[in-house]
Each structure stands twice: as C-alpha cells, then as structure tokens.
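Q: Take this sequence and fold it.
(2 chains)
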2 protein chains.
Amino acid sequence: MKILINKRWSLVILLFVFLIAMNATVMSQSKTQMVRLAKIKVDPAQLDKYNAALKEQMTTAIKVEPGVLTYYAVSDKKDPSSITILEIYADTSAYNLHITTPHFKKYKDVVKDMVKSLELVDVNIVGVAKKRDH
Amino acid sequence: MKILINKRWSLVILLFVFLIAMNATVMSQSKTQMVRLAKIKVDPAQLDKYNAALKEQMTTAIKVEPGVLTYYAVSDKKDPSSITILEIYADTSAYNLHITTPHFKKYKDVVKDMVKSLELVDVNIVGVAKKRDH
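A: Below is the predicted model of the structure:
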C-alpha cells in the first residue's frame, strides 16, 4: 500500500515538474519569437462584420497552427473602428506558414474592402507580466 | 491508511476544481475589465534604466495586486525608445488602487525625467486568442 501511495504521488509530482518545465520552455522561446503590432482602420459601416472575421481568423489560427501563440485585438473606446492587434508567433517561419493557411487567406479576402488602412509595426518584447491563465 | 489516501487525493481533486473555477472567473470578469494602451516615448539615452524600472513595476504589481491582470510591454524594432504597453486591470477600482501603491509611485518618480511623452488610450477587447500558458 505504501508503494501505491508513492506511485500516485510520484505521478502528481511529475505532473507539477512537467507544468514548470512547460513554463520554462515558453520563457526560453521568447528570443526567437516574432512579435508585431497591427494598426488597422476599418470602415465604420462594416465594423461588426470585420470584427467577426478577425475573431474567426484568430481563433482558428490559435487552434490549428502550433506556431501561432497569442493575439490580443483591442479597439479605441473613442473610435471603435481603430483597431490594434498584438500578435506573437513562435518564429518567422511560423508567421510565413501562417499567411499561407486557408483561414488567413479567407480572412484577407473577406476584409479586403473593409480595411481602410493597415500599418504593421515589428516590435520586441520589453517585458510580459501576467496572472496565471491570463 | 485508506483514509489517508482519500484525504490526499481529495486535496489534489480540490486543487484542480479550484484551478478550473479560477479559469471560469477569469472569463466572466472580462466585461468589467479596464484595458488600456500606454504609448510612451523614452529618452533614448536612458532607455535601459527606463526598461528596468518598467519591468520592476510590472512584475511587482502582478505579484502583489489581485486586480492587476496583464502587462505586455513592447518596443518598436526601428525605434526601441518608442514603447507600447497593453495593460489589463480587473476593473476601474483595481486601477485606482494600483496608482496609489508604493511600487507604482516609485516607478513614476524614477522615470519622470526619462519619459518624453505619454499617451493613454482606453480600449475595449475585440478578441483574445492564446495558446495555454501564453
């Protein structure tokens, strides 16, 4: 019985070590990451449709592409048609693959007459601090 | 001995239920969140000192303030003294509390002669999609 407890607890301990190791991997990957701010002006008359297309693209990319890590899309409170997206990819290869995917091509096609301007700013991460699960 | 195992496993199960519950809370909180982009131009000669002060502020706030949820600080690759911070607070009360804390006041004092301009843009989240642990 004592051995059984130890086995079970070993499993729990292994699980925690694995979770810590996963976190560590995330940290060490950051130097290869490609990070970008996309600044987009959308036709206000088509904003709801644009936001729906954007959310579909983001959600699909995160689900199906291992190298697409993070999207935060925000809109100015004073001008909701002014949108900023923080995008994080594992590396430039992951990004180059991303822009060839069916869901990205579909997004670009659907929004082509909704986007009035698009500015892409390559950035480096200065720091990230978050509560767990945020 | 059997009781001991059950107690231990109850603890593990409770921990997982608690973690799942925490996730659910996070989701339902999003409507009350205060989200902001801070756009900062830093004196290039003092950039390293500024970045260190910023990271210390961010890390401390996340650790000690329950209502400070997320910070992503990024700098333009073409102009590292141009910094954008995505800030997420649980609600406006959490933010109002944040700006009274010793670590925030210390940061503001340390950087007051390093910051050339500061623009605060209140934003709404259009969508967030992330890999777990990102």
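Q: Got the domain ranges for chain A?
A: Domains of chain A are assigned by automatic domain parsing as A:1-30, A:32-123.
Q: With adjacent residues omitted, what lies nearest to residue A:120?
A: Excluding its sequence neighbours, the residue lying closest to residue A:120 (Cβ to Cβ, 6 or more residues apart in numbering or on different chains) is residue A:38, at 5.6 Å. For the C-beta atoms, the positions are set from N, CA and C on the backbone; glycine is no exception.
Q: residues touching the one you found, list them.
A: Taking Cβ atoms under 8 Å, 6 or more residues apart in numbering or on different chains, we find residue A:38 in contact with A:83-85, A:87, A:118-121.
Q: How about residue A:43?
A: Neighbours of residue A:43 in contact, by Cβ under 8 Å, 6+ apart: A:50, A:81, A:113-116.
Q: Pull up the gap between it and residue A:115, please.
A: Using Cβ to Cβ, to the nearest Å, we find residue A:43 at a distance of 8 Å from residue A:115.
Q: ok, which pair from the contacts of residue A:43 is furthest apart?
A: Pairwise distances across the contacts of residue A:43 peak at 14.2 Å for A:81 and A:113 (criterion: Cβ to Cβ).
Q: For the most centrally placed residue in chain A, pull up the helix or strand it's in.
A: In chain A, the C-alpha nearest the mean C-alpha coordinate belongs to residue A:70, at 1.7 Å (Cα atoms, centre = their mean). In this assignment (DSSP states H and E), residue A:70 forms part of strand A:68-76.
Q: And the contacts of that strand?
A: A:33, A:51, A:54-55, A:58, A:61-62, A:81-90, A:94, A:98, B:35, B:37, B:72, B:86, B:121-131, B:134.
Q: Is residue A:130 in contact with residue B:62, as I believe?
A: Yes: Residue A:130 lies in contact with residue B:62 (Cβ atoms under 8 Å); the separation is 6.4 Å.
Q: Any idea how far stretch A:33-42 is from the middle of the chain?
A: Centre-to-centre, stretch A:33-42 and its host chain are 11 Å apart (Cα atoms, centre = their mean, to the nearest Å).
Q: let me redo that: stretch A:105-114
A: Distance, centroid of stretch A:105-114 to centroid of chain: 19 Å (Cα atoms, centre = their mean).
Q: same question, stretch A:58-75
A: Its chain's average C-alpha position is 4 Å from that of stretch A:58-75, according to Cα atoms, centre = their mean.
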